[in-house]
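Student: kindly return the folded structure for what I paste below:
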Amino acid sequence: MRAAVVTSFDTAPHLAEVPVPTPGPGEHIARVLASALHPRVRSQADGSHYTSTEDLPLIPGIDGVARDGDGALRYFVTESGAMAEQVAIDPHRSVVLPPDIDPVRIAAAMNPAMSSWIALRRRIEFTPGARVMIMGATGSAGRLAVQIARRLGASHVAAAGRDAVRLATLPALGADTLIDLGSATVDADLAAIGRDVDVVLDYLWGPWAARALRAIVPTRADDSQALTWVQIGSMTGLESPIPSAALRACNLRIVGSGQGSVSPRDILAELPALSREIMRGDYAVDAQVVALDDVTTAWAERSTARQVVVPD
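Tutor: Down below sits the predicted model:
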């Protein structure tokens, strides 16, 4: 079968002929219809993800939509191997989808949507009516986070991002306030919003987390009001110089949300509800179809839309 194959962490995957995978206990072979190329997959393929090992070669891809041997469509999650014509899937790590869904849409949306969905439903005690700020709201995951925060009951959603053009589209998706991180007034804007924000979903980390906290903490309307900062992504840096005073001067709680901090069992338990949300059809999902044959070229493109690899 054809598959994208990583033979070096320093180069993009390339198309190759490989054997059909051997199913493990409880697994079966399914035909892949669509698998998304998202940041988690890129970090898997370049060896930088915190769960990565030195084992090569590998077939990248951790989720997608496939048709099983009974003809049913399934959204599945796996450790690797999704960017291929066939994949071994565990029925307990998948969810059956309606026969008329768009596999590309589901593949494009599920992983980025999962980041905020899991954070708000499994990592913290999220109360409807809370005020939410999203750092990195112009990426695929951030755009869906705006929509999911609103769907789960946020009373106010502030969207902070570095792409002014994409930022301007977010009010239509549910954002009440926009913060242009490239603006000369960004620190004042962060302080104004952070005055009474309850939850921050942070896809940026790095220097931006520290800068935002330096702006927000001194202006809190009530220092005892809980400020829950959920670290989800690290698009601007793996480390952040958080000021120690921020941890003492207000009721700040910093938590991470991802593999390890949320158990596989809890993540899998959310798949049915999240897939139903995505299939409702009123989420804005930007998807770009990429043929499996063109995977090496797609790896270098860095499209603003979510690239979805399809074998056919």
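Student: where in the protein is pLDDT low?
Tutor: 281 (pLDDT under 70).
Student: same thing but at 80, please
Tutor: Counting by pLDDT under 80, the chain contains low-confidence ranges at 48-54, 280-281, 302-305.
Student: quick one: contacts for residue 92?
Tutor: Contacts here follow C-beta atoms under 8 Å, 6 or more residues apart in numbering; on that basis residue 92 touches 26, 268. Yep, even glycine has a C-beta here, placed from its N, CA and C like the rest.
Student: and it, how far is that from residue 85?
Tutor: Separation of residue 92 from residue 85 (C-beta to C-beta, to the nearest Å): 23 Å.
Student: quick one: contacts for the residue lying closest to residue 79 once chain neighbours are set aside?
Tutor: Distance criterion C-beta to C-beta, 6 or more residues apart in numbering; nearest residue to residue 79, sequence neighbours excluded, is residue 62 at 6.8 Å. Residues in contact with residue 62 (C-beta under 8 Å, 6+ apart) are 40, 41, 44, 77, 78, 79, 80, 82, 111.
Student: among the residues you listed, which are in strands?
Tutor: Among the contacts of residue 62, the residues falling in strands (DSSP state E) are residue 77.
Student: show me the contacts of residue 62 that map onto helices.
Tutor: If you go by DSSP state H, those have 40, 41, 44, 111 in helices.
Student: what ranges do the strands span in the stretch 201-312 of the chain?
Tutor: For the stretch 201-312 of the chain, the strands defined by DSSP state E, counting those that start in this stretch occupy 227-231, 252-256, 287-291, 306-310.
Student: so what's residue 33 up against?
Tutor: Here residue 33 is in contact with 64, 65, 66, 67, 73, 103, 107, 310, 311, 312 (C-beta under 8 Å, 6+ apart).
Student: do residue 70 as well
Tutor: By C-beta under 8 Å, 6+ apart, no residues touch residue 70.
Student: 146 is where my numbering starts, stick with that
Tutor: Fine by me, first position is 146 from now on; the one you just mentioned is residue 215.
Student: against residue 365, how distant is it?
Tutor: Distance from residue 215 to residue 365, by C-beta to C-beta: 55 Å.
Student: quick revisit: looking at the ones in helices among the contacts of residue 207, spot the one nearest residue 179.
Tutor: Among the ones in helices among the contacts of residue 207, residue 256 lies closest to residue 179 (C-beta to C-beta), at 11.8 Å.
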